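Student: My questions are about this predicted structure, shown below with the sequence.
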Amino acid sequence: MKKTIISLSLAAVSMFAATNYEFGASLGRNNVSNSPIADYNFLNLRIGKYLPKNHILRFELERSEKFGGNNALTNQHLTRALVNVEHYFTLENSAITPYAFIGAGYQWVSGDYDNNVVADLGIGAKYLISSKWDAFVELRGLRDFGNNDNHYGALIGFTYKCGTTQKAAPVPAPMPVEKPAPKDSDGDGVVDSMDNCPNTPAGVKVDANGCPVDSDGDGVADYLDKCPNTPAGVKVDANGCPVDSDGDGVADYLDKCPNTPKGFKVDQNGCAITYNFEINFDTNSAKIKPEYMPKIEKFAEFLKNHPDVKAEIQGYTDNRGSATYNMILSEKRAKAVYEALLKLGVNKDQITFVGYGEANPIASNDTAEGRAKNRRVVAKIYY
């Protein structure tokens, strides 16, 4: 058996020596059905020859150890040789290359389990690490005809490309008198053979590898970064801006009060300071309409989740009527919200109420719309 493997290996090496090829190594795990053997881990080594029309001819050797279960096959060893034809699909401007493959081979097993012809097929994807190195994952189904087994497996590993491959850009023919200038397809000043980031947009500043510069190291290139000079280690969004998970306008790395509910006005530390219940009272009325209860319930939930927080419920009016009357009306409006919060289970020690009459308008009292906004109740929050 060993002589056969050595002969196959030497034949494969001689076949690939004068052409474009790749070496690969991976670890895998097989699940076996309809068999006395248990699931097993294995090592896979491969050599692939690049062929026309996005094909690769692969020669593979696999070795597993101790794949048996609690039965007569315990501690067996399996050696397998496979020849597969792979077809890969080129995706424009993508580092990922999906592929499918099919093939056959032979396996040798120590002990009572029979040596047999096998066939396999599967799918996979390669991820471009550099011009020479790819990482890959692969899902495979394998049929052992003699033992009537099905092996379903997954592999993960790396390949190294030697020479040029079918995926490389064609090299211009040498001129009879002088050599052609090195090609720089995207015009970024880095020749294609050294460019790890081909197809960079015109005018974008790149580094020595031809990749767009990322000055603050946040993973977003400068030409896409709307928030340059982000501090090191800060999590950013697709625009290179620090993430603001609760949407309060204060980035997470500065936010001392994360998860502030929407609708709260916060300070520079991201902590809530005011909350507008947005209750538009009718003229001369302190009655809360049902449609405004969800806003009150939201604030009640905030207070119950933050027992260290206290709030002053403040009532306001527009400027119509006397100042004395408006002061009384504003207090009634604040008290109505205060009592609604108590009914929702808020601790009485957390809240107070007060009326401010027509003071501190937030809109013009010269229009009906402005006066409606001024007839309001807000909560001022204390820590």
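Tutor: Noted; the coordinates are in hand. Since this is a predicted model, take the numbers as computed values, not measurements. Numbers count the residues shown, from 1 in each chain.
Student: Can you tell me the SS state at residue 342?
Tutor: Recorded secondary structure, residue 342: helix (DSSP: H, G, I helix; E, B strand; the rest coil).
Student: If we ignore the residues flanking it in sequence, what's nearest it?
Tutor: Among residues not flanking residue 342 along the chain, residue 348 sits closest, at 6.2 Å (CB to CB, 6 or more residues apart in numbering). Just so you know, the C-beta spots here come from the backbone N, C-alpha and C atoms, and that holds for glycine as well.
Student: Just the local confidence number for residue 228, please.
Tutor: Looking at residue 228, its pLDDT is 86.
Student: That one looks like it's in a strand, true?
Tutor: No. Counting by three-state DSSP, residue 228 falls outside a strand, being coil.
Student: Now the element after the worst-scoring helix or strand of the chain on mean pLDDT, going C-ward?
Tutor: Ranked by mean pLDDT, DSSP states H and E, the weakest helix or strand in the chain is helix 2-16, scoring a mean of 50. Of the helices and strands lying after helix 2-16 in sequence (DSSP states H and E), the nearest is strand 21-33.
Student: what helices or strands is the helix or strand following that following strand leaning on?
Tutor: The helix or strand immediately downstream of strand 21-33 is strand 40-51, counting by DSSP H and E. For strand 40-51, the elements it packs on are helix 2-16, strand 21-33, strand 55-65, strand 77-88, strand 149-162, judged by 3 or more CB pairs under 8 Å, 6 or more residues apart in numbering; DSSP states H and E.
Student: go again using 6 Å as the cut-off
Tutor: Contacts defined by 3 or more CB pairs under 6 Å, 6 or more residues apart in numbering; DSSP states H and E place strand 40-51 against helix 2-16, strand 21-33, strand 55-65.
Student: The last one: partners in the sheet, and parallel or antiparallel?
Tutor: As defined by DSSP bridges, the strand partners of strand 55-65 come to strand 40-51 (antiparallel), strand 77-88 (antiparallel).
Student: For the closest residue to residue 258 other than its chain neighbours, give its distance to residue 256.
Tutor: Counting by CB to CB, 6+ apart, residue 246 is the residue found nearest to residue 258 once chain neighbours are left out, at 6.1 Å. Distance, residue 246 to residue 256, by CB to CB, to the nearest Å: 12 Å.
Student: Check residue 161 too.
Tutor: Counting by CB to CB, the separation of residue 161 from residue 256 is 51 Å.
Student: With neighbour numbers in mind, choose between these two.
Tutor: Counting neighbours by other CB atoms under 10 Å for residue 161 and for residue 256 shows that residue 161 has the greater number, 20 against 11.
Student: hang on, the more buried one packs against residue 131?
Tutor: No. Judged on CB atoms under 6 Å, residue 161 makes no contact with residue 131 at a distance of 7.7 Å.
Student: So which elements touch the helix or strand hosting residue 139?
Tutor: Residue 139 is part of strand 133-144 when elements are defined by DSSP H and E. Counting contacts by 3+ CB pairs under 6 Å, 6+ apart, strand 133-144 is packed against strand 116-128, strand 149-162.
Student: Which neighbours in the sheet does the longest one have, and how are they oriented?
Tutor: Going back to what we said before, that points to strand 149-162. By DSSP bridges, strand 149-162 pairs with strand 21-33 (antiparallel), strand 133-144 (antiparallel).
Student: Now render those as a markdown table, adding distance to residue 104.
Tutor: Shown next, in a markdown table, are the strands paired with strand 149-162 (distance: least, CB to CB, whole Å):
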| stretch | distance to residue 104 |
| --- | --- |
| strand 21-33 | 17 |
| strand 133-144 | 9 |
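Student: List just the one of those strands that sits closest to residue 226.
Tutor: Closest to residue 226 of the strands paired with strand 149-162 is strand 133-144 (CB to CB; 31.0 Å).
Student: which residues touch that closest one?
Tutor: Contacts to strand 133-144, defined as CB atoms under 6 Å, 6 or more residues apart in numbering, come from residues 116, 118-120, 122-124, 126-129, 151-156, 158-160.
Student: Can I have the buried ones of these as a ChimeraX selection?
Tutor: A single ChimeraX command selects the buried members of the contacts of strand 133-144 (16 or more other CB atoms under 10 Å):
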select :116,118,120,122,124,126,151,153,154,155,159
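Student: Would you mind giving the domain segments of this structure?
Tutor: 2-162, 217-246, 264-382 (automatic domain parsing).
Student: Tell me the buried residues in the shortest one?
Tutor: So that's domain 217-246. Neighbour-count burial for domain 217-246, counted by 16+ other CB under 10 Å, picks out 218, 220-221, 225, 227, 230, 234, 236, 240-242, 244, 246.
Student: Any chance of those in JSON lines with distance to residue 86 as columns?
Tutor: Below are the buried residues of domain 217-246 laid out as JSON lines (distance: CB to CB, whole Å):
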{"residue": "218", "distance to residue 86": "37"}
{"residue": "220", "distance to residue 86": "35"}
{"residue": "221", "distance to residue 86": "33"}
{"residue": "225", "distance to residue 86": "39"}
{"residue": "227", "distance to residue 86": "43"}
{"residue": "230", "distance to residue 86": "42"}
{"residue": "234", "distance to residue 86": "42"}
{"residue": "236", "distance to residue 86": "38"}
{"residue": "240", "distance to residue 86": "38"}
{"residue": "241", "distance to residue 86": "42"}
{"residue": "242", "distance to residue 86": "43"}
{"residue": "244", "distance to residue 86": "45"}
{"residue": "246", "distance to residue 86": "48"}
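Student: Out of those, the closest to residue 177 would be?
Tutor: Proximity of these to residue 177 (CB to CB) peaks at residue 221, which lies at 40.5 Å.
Student: Please consider this matter closed, and thank you.
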